[in-house]
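what follows is a predicted protein model with its sequence.
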2 protein chains.
Amino acid sequence: MYAYEFIKDSIIQGKFEPGMRLGEESLAKELNLSRTPVREAIKQLEAEGLVVPLKRGVSVRHFSKEDIRQIYDLRTLLEGYGASQAAIHRTGEDLKRMEAANALYEKAIDKYLESDMNSIKEIVDMNQEFHDAIVNASKNSHIQFHISKVVVVPLVFRSFNWYNPYQLKQSLEVHKIIHNAVRNKEPERARIAMHEHIYQGRDHVLRHLGQIKNSHLLKEEV
Amino acid sequence: MYAYEFIKDSIIQGKFEPGMRLGEESLAKELNLSRTPVREAIKQLEAEGLVVPLKRGVSVRHFSKEDIRQIYDLRTLLEGYGASQAAIHRTGEDLKRMEAANALYEKAIDKYLESDMNSIKEIVDMNQEFHDAIVNASKNSHIQFHISKVVVVPLVFRSFNWYNPYQLKQSLEVHKIIHNAVRNKEPERARIAMHEHIYQGRDHVLRHLGQIKNSHLLKEEV
DNA sequence: TGTTGACTAATTGTATACAAACATTTAAAT
DNA sequence: ATTTAAATGTTTGTATACAATTAGTCAACA
């Protein structure tokens, strides 16, 4: 649905700041729609936990550092399992998809190293594509469903902008290690590598959030 | 929201069979509401995966045996992690809640052994209460959120009706083992015991579904 | 000057009306 | 008799109107 995608993207891209109330009327006006489809989109986002109910209407959800830790723990668990299952169930097609994603990932990183800032979106997309390829290879659609909900939260912080070249290269290396483990049908190796990969991502985001003190994106801990 | 709870409960209690189209008008009439709140409830259930979109409207989702396996794998992963974290973060209050749940669980089982069929609901509730107490003790609200979505699916099959006295007693014993591990702060012990506990539940459901061949609840595998 | 109360404005929750899409049935033609 | 096409009826998707609740402001009284 159109309204759902629009509002979700707007939240991810930071157009609506956490804590900010989402007015149905203004959203409807911006989308050239009536309030009805807007309300339905909001209800879906509410069920996914991206917006929280207020006394009147909803607001974009605030995430604390503790939230980030918990979400990454959850993601580690799910994607680690996904990787181990991928190492069992992967087909030749799955391997090809992973390789294609990593090839484009590397290309985008190289462009970034030449200071092409437009490649950041491509980096994000190809990283996502690799992870999608893994969970898809696991052949467990329910894991896939839940991962897709978990993955959006860190996107809100747009932490990819903060990676340095060394970190991006390292990320690519781990992707290759995971790919190898999946190709060689080594479930535990794949799981551990994925764990490590996501924990590195978690540490990066937390470091990033530690730097921007009192960010409007971050809820202060009590 | 009222409409949401009503429709969800109706699905769990088998009032709407899988594959059956949910008419907005009839639901609204039954609830003495207009179509608007009914639609919003349906949109939420759709986001949770309990109903699936059709060309027109939605229907109750079908689950295959493979779905059940995948969902239980997911639940094992999540609740196993929850139990291990509970063993780390549990407070005295958490332990009390677990003990209270198990005490009532035992009482309900005893009533069941005296052929009191009304105690089945109590058994289901207290089993749920124990599991809730565990994930709550883990102090990870995001895990809790996802578990709550995963847990509803098996309820559709109402497999508790199929437990025999020995299995119920055994279930209670494992609850106690988990409780002990959490009390003694043994994360790995708690995780393994929870894994075993849920795998037993999975096997029970799959056995049950194997017996009722061609159940309308079960989508035939292709 | 600060606090409380009432009034007003704005926004959500619900109902209903209307239009569009889809299914079903009937009739006609090959 | 079977297949296709058209028409009708049912149901969803969207818009809008109305009611109810909340927040905000202004004034009055302590």
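Here it is on my side, so go on. Keep in mind it's a predicted model, so treat the numbers as computed, not measured.

which stretches of chain A have low pLDDT?
Applying pLDDT under 70 to chain A flags residues A:212-222.

nearest to DNA strand C: which residue in it?
DNA strand C sits closest to A:Gly57 of chain A, with a gap of 3.3 Å, by Cβ to the nearest atom of the strand. The way it works is simple: take the backbone N, C-alpha and C, and place the C-beta from them, glycine included.

quick one: that residue from A:Glu46, how far?
Taking Cβ to Cβ, to the nearest Å as the measure, A:Gly57 and A:Glu46 are separated by 11 Å.

compare those two (neighbour count), which wins?
A:Glu46 (18 against 13; other Cβ atoms under 10 Å in any protein chain shown).

touching, the more buried one and A:Val58? I think so.
Yes - taking Cβ atoms under 8 Å as the definition, A:Glu46 is a contact partner of A:Val58 at 6.1 Å.

shared neighbours, these two?
Residues touching both A:Glu46 and A:Val58 by Cβ atoms under 8 Å, 6 or more residues apart in numbering or on different chains: A:Val52.

with adjacent residues omitted, what lies nearest to the residue nearest to the spatial centre of chain A?
Chain A has A:Val151 as the residue nearest its centroid, 3.5 Å off, counting by Cα atoms, centre = their mean. Distance criterion Cβ to Cβ, 6 or more residues apart in numbering or on different chains; nearest residue to A:Val151, sequence neighbours excluded, is A:Arg75 at 6.8 Å.

ditto for A:Gly14
Per Cβ to Cβ, 6+ apart, closest to A:Gly14 is A:Arg158, 6.8 Å.

if I look at A:Gln170, how far off is DNA strand D?
Remark: distance between A:Gln170 and DNA strand D (Cβ to the nearest atom of the strand, to the nearest Å) = 45 Å.

number of residues surrounding whichever residue of chain A sits closest to DNA strand D?
Residue nearest to DNA strand D within chain A (Cβ to the nearest atom of the strand): A:Ser34, separated by 3.2 Å. A:Ser34 sits with 12 neighbouring residues when counted by other Cβ under 10 Å.

do you know how far it is from B:Gln211?
From A:Ser34 across to B:Gln211, the span is 51 Å (Cβ to Cβ).

ok, back up a step: would you agree the residue of chain A closest to DNA strand C is in contact with A:Leu27?
No - under the criterion of Cβ under 8 Å, A:Gly57 makes no contact with A:Leu27, lying 10.4 Å away.

ok, stretch A:9-27 near DNA strand C or not?
Yes - using Cβ under 7 Å from any atom of the strand, stretch A:9-27 reaches DNA strand C at A:Arg21, A:Leu22, A:Gly23, A:Glu24, A:Glu25.

and the strand or helix carrying A:Leu77 with helix B:65-89, angle?
A:Leu77 belongs to helix A:65-89 when elements are defined using DSSP states H and E. Here the directions of helix A:65-89 and helix B:65-89 differ by 140 degrees (axes from the mean of the first three to the mean of the last three Cα atoms, to 10 degrees).

can you give me the strands for chain A?
Counting by DSSP state E, the segments of chain A that form strands are A:21-22, A:51-53, A:58-60.

about what we covered before: now which of the residues of stretch A:9-27 next to DNA strand C would you call buried?
Among these, those classed as buried by 16 or more other Cβ atoms under 10 Å in any protein chain shown are A:Leu22, A:Glu24.

relative to A:Asp94, which of the residues of stretch A:9-27 next to DNA strand C is nearest.
Of all those, A:Leu22 has the smallest distance to A:Asp94: 38.8 Å, by Cβ to Cβ.

now do the contacts for that closest one.
Shown in contact with A:Leu22 (Cβ under 8 Å, 6+ apart): A:Ile7, A:Phe16, A:Ile42, A:Val51, A:Gly57, A:Val58, A:Ser59, A:Val60.

dump the residue contacts of the fifth one.
To tie it back to what came earlier, the one meant is A:Gly57. By Cβ under 8 Å, 6+ apart, the residues touching A:Gly57 are A:Arg21, A:Leu22, A:Gly23, A:Glu24.

would you mind giving the contacts of A:Leu22 as JSON lines with distance to B:Lys169 added?
As requested, the contacts of A:Leu22 are exported to JSON lines (distance: Cβ to Cβ, whole Å):
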{"residue": "A:Ile7", "distance to B:Lys169": "51"}
{"residue": "A:Phe16", "distance to B:Lys169": "53"}
{"residue": "A:Ile42", "distance to B:Lys169": "47"}
{"residue": "A:Val51", "distance to B:Lys169": "45"}
{"residue": "A:Gly57", "distance to B:Lys169": "50"}
{"residue": "A:Val58", "distance to B:Lys169": "46"}
{"residue": "A:Ser59", "distance to B:Lys169": "48"}
{"residue": "A:Val60", "distance to B:Lys169": "49"}
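
restricted to buried residues, select those residues in PyMOL.
The PyMOL selection below is limited to those of those classed as buried (16+ other Cβ under 10 Å):
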select buried, chain A and resi 7+16+42+51+58+59+60
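
residue most distant from the centroid, chain A?
Distance from the C-alpha centroid of chain A peaks at A:Ser34, with 30.3 Å (Cα atoms, centre = their mean).

residues near the residue nearest to it when sequence neighbours are not counted, how many?
Leaving out its chain neighbours, the residue that sits closest to A:Ser34 by Cβ to Cβ, 6+ apart is A:Ala28, at 5.8 Å. For A:Ala28, the count of nearby residues is 17 (other Cβ under 10 Å).

A:Ala41 is in contact with A:Ala28, correct?
No - A:Ala28 lies out of contact with A:Ala41 (Cβ under 8 Å); the separation is 10.3 Å.

A:Arg131: neighbouring residues, count only.
Quick fix: residue A:131 reads His, not Arg. Neighbours of A:His131 (other Cβ under 10 Å): 23.

got the buried residues for stretch A:27-46?
A:Leu27, A:Ala28, A:Pro37, A:Val38, A:Arg39, A:Glu40, A:Ala41, A:Ile42, A:Lys43, A:Gln44, A:Leu45, A:Glu46.

make sure the third one is actually in contact with A:Glu5.
What that stands for is A:Pro37. No - with contact defined as Cβ under 8 Å, A:Pro37 and A:Glu5 do not form a contacting pair (11.7 Å).

picking up where we left off before, how about the residue farthest from the centre of chain A, phi and psi?
Main-chain dihedrals, A:Ser34, degrees, to the nearest 10: phi -90, psi 180.

ok, now how distant is it from B:Lys29?
24 Å.

okay then, goodbye and thanks.
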